[in-house]
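*Asks:* Take a look and give me a structure for this.
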Amino acid sequence: MDIFKLIYEHDLRLDRLRERQTDRKTPETGSSIEAFLKPDPTYSKFYITGTRIDKPEFGLDVLSRYTDLVDKLQAGLEPCRYFSPSGEVDSFHELVNALDVWQAGLLTRQGEPESDLEQLAIDHESNVGHKKDALRQALKRNELVLYKEQAKNGFDLHLFTETNIYRNLFYPLQKLVNDSFRFFSINGKRIRSEQKFYFETWALDRPPHGIEEVFKETVL
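*Replies:* Numbers count the residues shown, from 1 in each chain. As a prediction, this is how the structure comes out:
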């Protein structure tokens, strides 16, 4: 059985993706009335993972319906152009295949990307938290940033967007739900421990608070 997990966090403050100011003489934010009245820009992030519970194996690509999943993710992201470190590719599936673990890809709604994918890349000793400024600049340009991250038995995907595209992803993915494919929508702010992240190994039928199963009849 496939256990698919869409972990989301919304309304995250974009100014938190700024390198920490070491010069305390320089204010980090403006103090004018204009700055005070201007709404804080926000962003969303989605961690996309899964478990083949019958084996068990952990990682998005170990799921039996992995190919269908990628197709549904593309449906939720369209229209987009896809860019790997080697250049533009034709589909989301090709983008995922083109990325090595730790590499980043870019999705744009129009035009060529301005961000440098080498500056966005991470490695086994770093994570996206080490790329705050580069990530912030990409999101400000309305670029979507995709990371391919290491899982226990394969890889997961980590997507950053300036706008909240949860609804766009939810409905295509919901179409996969059946007796052998269970879909859980998870508030990332509620699962700060490894135990909760792998809830399916100990509480599949009674998930902790913040983890909701999606059924065919579920509506937003």
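*Asks:* Can you report how many residues lie near residue 160?
*Replies:* 22 (other Cβ atoms under 10 Å). From N, CA and C alone the C-beta is placed, and that goes for glycine too.
*Asks:* If you could redo that for residue 125, that was the one I meant.
*Replies:* Look at residue 125: counted by other Cβ under 10 Å, it has 7 neighbours.
*Asks:* From residue 154, how far off is residue 147?
*Replies:* The span separating residue 147 from residue 154 equals 14 Å under the rule Cβ to Cβ, to the nearest Å.
*Asks:* buried residues in stretch 54-71?
*Replies:* Of all the residues in stretch 54-71, those buried under the rule 16 or more other Cβ atoms under 10 Å are 57-63, 65-66, 69-70.
*Asks:* what's the answer for stretch 156-163, then?
*Replies:* 156-162.
*Asks:* Mind listing the residues bridging to residue 2?
*Replies:* Following DSSP bridges, residue 2 is listed with bridge partners residue 52, residue 181.
*Asks:* okay but it is in contact with residue 52, surely?
*Replies:* Yes. Counting by Cβ atoms under 8 Å, residue 52 is a contact partner of residue 2 at 6.4 Å.
*Asks:* Which neighbours do the two have in common?
*Replies:* Applying Cβ atoms under 8 Å, 6 or more residues apart in numbering, one finds that residue 2 and residue 52 are jointly contacted by 63-64.
*Asks:* that older thread, between residue 147 and residue 154, which one's more packed in?
*Replies:* Relative neighbour count places residue 147 above the other of residue 147 and residue 154, with 25 against 18, counting by other Cβ under 10 Å.
*Asks:* how far away is that one from residue 206?
*Replies:* Plainly put, residue 147 is 31 Å away from residue 206 if you go by Cβ to Cβ.
*Asks:* Could you list every helix and strand that the lengthiest helix in the chain packs against?
*Replies:* With DSSP state H setting the assignment, residue counts place helix 66-77 as the longest helix in the chain. The criterion is 3 or more Cβ pairs under 8 Å, 6 or more residues apart in numbering; DSSP states H and E, and the helices and strands that helix 66-77 contacts are helix 92-98, helix 166-174.
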